[in-house]
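>>> Using only what follows, build the 3D model:
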Amino acid sequence: MSEFRAIVIEQETDAGRILAHTAEVRRLTDAFLMPGAVTIAVEYSCLNFKDGLALAGKPGVVRTSPLIPGVDLVGSVEVSDDPRWKAGDRVILNGAGIGERHHGGLAERARVDGGALVRLPQSFTSEQAAAIGTAGFTAMLAVLALERQGVTPDAAASAGYSADILVTGAAGGVGSVAIAILARLGYRVTASTGRAAAESDYLTRLGASEIIDRAELSDPGKPLQSQRWAGVIDSVGSHTLANAIAQTRYGGAVAACGLAQGADLPASVLPFILRGVTLVGINSVDAPLPHREEAWSRLAADLDPALLAEMTTSIPLADAVPRASDILAGRVRGRTVVDVRA
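Numbers count the residues shown, from 1 in each chain. You can find the predicted model right below:
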């Protein structure tokens, strides 16, 4: 049997409470892998907020123990019992349960089902695709959701106002990729972040036209406020999301994809029934294959690789565990790629 390195999480739980937790790099054999039709030689994974939670022993992510974490992987097919894939195919997997209930991408090998795999676009290297990861995939799904609701630069111009889009959690992975895509598509982007002074130059380089402090949105506000945004991409939730909804223009749309501030939504129905605002939930984990393929096709067309490099840091596998606390504390800018072979 082939040996490979992987991060392994083990937890002891009681009624959902984590009593004991370890996360460490181990050397394993293929016998450790879970059932799946496709075996992949993993080249890169990455760290998302969800991975930070899992590695740090926070509840809500790890569904089985022991578990290899990592909700993303990029690599080459070694063996496939799925007729859609053959040895040598370059593939991407985002979500679909890996790193939660099935062994994930923070390992040199993975065995998964083939139904959620996407072929690596020719315009991206494996490292670039990992840099995009679930965060970038989620950002693209959110942009597509706004477009489907008619929130586009052309539609805004026809209505006589600017296509202003608010992006919350702007310096994080979802926010960074969303800003780069939206600016390239012709939207005017306002970036909300808790690190406005430190990240202003970075967010401006990505394409943000305005940077505001997250404090402007994070406290309880009125249920209906002045109309500011044609659309919103929110990864924060709670009062921030409620205020963003209350400030969205008539007929606008809000794409909600995260809960960094909280899972609650202390909002009113007034923006929905008086302004026709649409709230769209973004679930990248369970996205059907056609949506995955569309998102990756659009990422290949609409994300500038130079800006992707601007927002990306690479680390070896062993550094992933200590990096978790930085992610949860909001100290990590943009995207963190993990070279699982290093």
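>>> Going by C-alpha atoms from here, please, whenever you check contacts or count neighbours.
Fine.
>>> P316 and P322: what is the separation?
11 Å (Cα to Cα, to the nearest Å).
>>> V332 now?
Taken as Cα to Cα, the span from V332 to P322 is 12 Å.
>>> who has more neighbours, these two?
Between V332 and P322, counted using other Cα atoms under 10 Å, the more crowded position is V332 (18 against 14).
>>> Have a look at the protein and report its longest helix.
If you go by DSSP state H, the chain has its longest helix at helix 126-148.
>>> Break down the stretch 1-150 of the chain into its helices, ranges please.
49-55, 126-148 (DSSP state H, counting those that start in this stretch).
>>> which residues sit against the shortest one?
By Cα atoms under 8 Å, 6 or more residues apart in numbering, the surrounding residues in contact with helix 49-55 are 9, 23, 59-62, 69-71, 99, 321, 323-325, 327-328.
>>> starting at the chain centroid, how far to that helix?
How far helix 49-55 lies from its chain's middle: 12 Å, per Cα atoms, centre = their mean, to the nearest Å.
>>> Just the CA coordinates for it, please, in PDB.
Below are the C-alpha coordinates for helix 49-55, written out as PDB (Å, rounded to 0.1, in the frame of the first residue of the first chain):
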ATOM      1  CA  PHE A  49     -12.600  29.800   7.700                       C
ATOM      2  CA  LYS A  50     -14.300  26.400   8.000                       C
ATOM      3  CA  ASP A  51     -10.900  24.600   7.900                       C
ATOM      4  CA  GLY A  52      -9.800  27.000  10.700                       C
ATOM      5  CA  LEU A  53     -12.700  25.900  12.800                       C
ATOM      6  CA  ALA A  54     -12.000  22.200  12.200                       C
ATOM      7  CA  LEU A  55      -8.200  22.500  12.900                       C
END
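>>> Identify the residues contacting stretch 91-105?
So stretch 91-105 is contacted by 33-34, 42, 44-45, 51, 61-64, 67-77, 110-111, 116-120, 129, 133-134, 137, 284-287 (Cα under 8 Å, 6+ apart).
>>> from those residues, which would you call buried?
By neighbour count, with 16 or more other Cα atoms under 10 Å, the contacts of stretch 91-105 hold 33, 42, 44-45, 51, 61-64, 67-77, 110-111, 116-120, 129, 133-134, 137, 284-285, 287 as buried.
>>> now the strands for the stretch 101-250 of the chain?
With DSSP state E, counting those that start in this stretch as the criterion, the stretch 101-250 of the chain has strands at 109-112, 118-119, 164-167, 188-193, 210-213, 229-234, 248-256.
>>> Quick one, which of those strands gets closest to E293.
strand 118-119 (6.4 Å; Cα to Cα).
>>> Can you pull out the residues in contact with the closest one?
Strand 118-119 is contacted by residues 89-93, 289, 292-293 when judged by Cα under 8 Å, 6+ apart.
>>> on that earlier part again, tabulate the helices of the stretch 1-150 of the chain in JSON lines, adding columns for distance to R205 and mean pLDDT.
JSON lines is the format used below for the helices of the stretch 1-150 of the chain (distance: least, Cα to Cα, whole Å; pLDDT from 0 to 100):
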{"stretch": "helix 49-55", "distance to R205": "23", "mean pLDDT": "95"}
{"stretch": "helix 126-148", "distance to R205": "17", "mean pLDDT": "98"}
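>>> would TSV of these with distance to S158 be doable?
Converted to TSV, these look like this (distance: least, Cα to Cα, whole Å):
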stretch	distance to S158
helix 49-55	38
helix 126-148	15
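>>> So which residue is dead centre in this protein?
Centroid-nearest residue in the chain, with Cα atoms, centre = their mean: A135, separated by 1.8 Å.
>>> Name the nearest residue to it, sequence neighbours excluded.
Leaving aside its sequence neighbours, A135 sits nearest to V174 (Cα to Cα, 6 or more residues apart in numbering; 4.5 Å).
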